[in-house]
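>>> here is my input; please provide its structure:
(3 chains)
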Amino acid sequence: MKNVVTLLTDFGTVDGYVGAMKGVLAREVPGVLLHDIAHDIPRGDVYAAARTLSRYWSLWPMGTVHLVVVDPGVGTGRHPLAAEAEGRFFVGPDNGAVTPLLDSPGWRAVRYAPVVPPRSTTFHGRDLFAPMAARLAEGSPLDELGPLLEEPHRLPWSTSQGPLGQILGWDHFGNLQTDLEPAGGSFFAVTVEGRTLPFVPTYASVAPGEPLALLNSDGCIEIGIRDGSAREHFGWGRGTRVRLQRG
Amino acid sequence: MKNVVTLLTDFGTVDGYVGAMKGVLAREVPGVLLHDIAHDIPRGDVYAAARTLSRYWSLWPMGTVHLVVVDPGVGTGRHPLAAEAEGRFFVGPDNGAVTPLLDSPGWRAVRYAPVVPPRSTTFHGRDLFAPMAARLAEGSPLDELGPLLEEPHRLPWSTSQGPLGQILGWDHFGNLQTDLEPAGGSFFAVTVEGRTLPFVPTYASVAPGEPLALLNSDGCIEIGIRDGSAREHFGWGRGTRVRLQRG
Amino acid sequence: MKNVVTLLTDFGTVDGYVGAMKGVLAREVPGVLLHDIAHDIPRGDVYAAARTLSRYWSLWPMGTVHLVVVDPGVGTGRHPLAAEAEGRFFVGPDNGAVTPLLDSPGWRAVRYAPVVPPRSTTFHGRDLFAPMAARLAEGSPLDELGPLLEEPHRLPWSTSQGPLGQILGWDHFGNLQTDLEPAGGSFFAVTVEGRTLPFVPTYASVAPGEPLALLNSDGCIEIGIRDGSAREHFGWGRGTRVRLQRG
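Predicted coordinates for the structure are as follows:
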């Protein structure tokens, strides 16, 4: 088995904090393959981390350890968490970032119980979470890390079949993602704050600069502007109501 | 043979789209070595991607697969392309990003013909290009991916021996790159919009804050300001005319 | 032994300069594991690079080569340097970035003497430093690279046990780091420009938005604002005086 660990944080890279975590992993698991996902999650935005994680966690090979450290609660009583779903592992603070894995049947989670307390009270990424990830990457079973945790912290994570939904966030391109995940049927438009946007198969279906709605690669309704930023153009944020017009 | 894949995109990292592509590669090619080049190519700027690719593609080991996904035409009829030159591979949309490889004698290109259509109409990086790169990284010959493509899309890509040339772009440091690639001879200056800049061997040849021109690491004339940004200071953009003064 | 090389530069990623360095390493050391630390060090800020390096260099496995190229002096007479401390290697220009390793007893440094001059006068990362790192990653002993260098360039690098110290820099979160590294004792506050900040065990010890001082993961006094940016709020920069109030 190859040892594969992915890293997702809000640390930025310039300070070397991620470099410290990687060093711990490289030393404890010789030959480990470390893969950056992102280190530019908005500071402390656990929900954004969970949404990012939802796009990649299940695509990696069995045995992959996904290390996710967005940890505004460092130094509080929040538990260190390890979890397993569909043969992939999660390591991070128990603050809800693990939510996407908890949609999978058969998930399990444990609360990590370190033998000695971590060296620092401020950098658990290096002193607690990287060593946890190293143990799982080396092949330790989940149960060895600590006692079962029946109820990990969960973030609100529902989708709607419509017709009413809301905007959940936006991506690098300014495309707006919604919680509308229609099970089937045909649609002709999406309405947001009085604007009606045509429902089309792909971005190239409209002229450059024109708005549109489509079914995105997550299986949800997304609002965009071809070659432009719907986020900047419309200014709609998280929670804005969206209505799906069925055909 | 080691399996090496490099990644160049305009996806940013924060959304996990690159994480999804890497996951597909890591699962389909166990032990693959994935190397980030950049994910901050300006949105949809295929020309910038091609210029970036030109700086590194031929330096990697034989067999390396260079995955380049800057794809403003996703969802249009543009073909998925795979190419080979000097023993290195290219995978991406047929939009001209491959142009630097087409300067090499003996290049070959194929149009990918997937057996089943990609799962999404919007995320071909995950659903089409990563699987193509995986097949090449596993050792499949180029010809197995699809029929030969005689004329891949090419971007304008000429250089000039001078004395007239133009600015092509600028780098992270604000140094301005030109298409002047002199075959030899001696020079004493470069003139741009009435400004005359001394031609020197290296940045350290002038005092901090002073402008200069030199032969850069690509073999072309470059305009800079020592410890400063020529891009910001002069404001010259792509297409600005440059004249080389021979000595 | 696994071949592990880390990379720290101020090159950004978008131009492909880092991609070129990685290509040289991947070609010269088949199977090498390359790990990005950061490429967004502020341009030419050797001191920032040294501080970043100080956080990770000793955590990596024995034999790791730390390649650090922040090189405002490219093209001047500054030497290319290789060094070894605690079984880890450093490669980069002799401009002081190596300073953190020189705190370790038994360090050694050599001045690289290339047989042929580097191909370019502007891109020593690709043409000089990557090949040096490759030789060390392949297992060449340090001494083979060139003659011993008794006095590598050093940056000011002292810490203070207090009570007086100064601000050294700030991190991605806007937390301010000082050179106060108390050997022991109890403290109750830190005073800066007439402001008194409570000394607490962890960020979670104060309410969101409140300022604090604590012992950080480097073992030094740090000034922060919970869930906020002390750098933005106070505007204190490098060199601002700090006084530790012992209990």
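
>>> and the strands in chain A, which stretches?
Counting by DSSP state E, chain A has strands at residues A:4-9, A:33-38, A:65-69, A:80-85, A:88-93, A:108-111, A:164-170, A:176-178, A:187-192, A:195-198, A:211-215, A:221-225, A:241-246.

>>> each with direction, which strands does the last one pair with?
Sheet pairing here is set by DSSP bridges, and for strand A:241-246 it gives strand A:164-170 (antiparallel), strand A:187-192 (antiparallel).

>>> lowest-confidence stretch among those strands?
Between the strands paired with strand A:241-246, the lowest average pLDDT goes to strand A:187-192, which shows a mean of 91.

>>> list the buried ones in the helix or strand bottoming out on mean pLDDT in chain A?
Ranking every helix and strand in chain A by mean pLDDT, DSSP states H and E puts strand A:187-192 at the bottom, with a mean of 91. By neighbour count with 16 or more other Cβ atoms under 10 Å in any protein chain shown, strand A:187-192 contains the buried residues A:187, A:189, A:190, A:192. Where C-beta positions appear, they are placed from N, C-alpha and C, glycine not excepted.

>>> isn't the first one right up against residue A:247?
Yes - A contact is recorded between residue A:187 and residue A:247 when judged using Cβ atoms under 8 Å, the distance being 5.7 Å.

>>> can you say which of the strands of chain A is nearest to residue C:83?
For the strands of chain A, proximity to residue C:83 was assessed by Cβ to Cβ; strand A:33-38 is nearest, at 24.3 Å.

>>> now the angle from the closest one to strand A:4-9?
Orientation check (axes from the mean of the first three to the mean of the last three Cα atoms, to 10 degrees): strand A:33-38 against strand A:4-9 gives 30 degrees.

>>> next, the angle from strand A:33-38 to strand A:65-69.
Going by the same axes, to 10 degrees, strand A:33-38 makes 40 degrees with strand A:65-69.

>>> which residues are in contact with strand A:33-38?
Residues external to strand A:33-38 that are found in contact with it (Cβ atoms under 8 Å, 6 or more residues apart in numbering or on different chains): A:2-9, A:18, A:22, A:25-26, A:52, A:56, B:12-16, B:18-19, B:22, B:26, B:31, B:33-34, B:36, C:33, C:35-36.

>>> of the residues you listed, buried ones?
Among the contacts of strand A:33-38, the ones that count as buried by 16+ other Cβ under 10 Å are A:3-9, A:18, A:22, A:25-26, A:52, A:56, B:12-16, B:18-19, B:22, B:26, B:33-34, B:36, C:33, C:35-36.

>>> near chain B, which residues of chain A are found?
Residues of chain A found near chain B (Cβ under 8 Å from any Cβ of the partner chain) are A:2, A:4, A:6, A:8, A:33, A:35-41, A:48, A:51-57, A:59-61, A:64, A:171-173, A:201-205, A:214, A:216-217, A:222, A:227.

>>> now the buried members of those residues.
Neighbour counting over the residues of chain A next to chain B (16+ other Cβ under 10 Å) leaves A:4, A:6, A:8, A:33, A:35-41, A:48, A:51-57, A:59-61, A:64, A:171-173, A:202-205, A:214, A:216-217, A:222, A:227 as the buried ones.

>>> sounds good, over and out.
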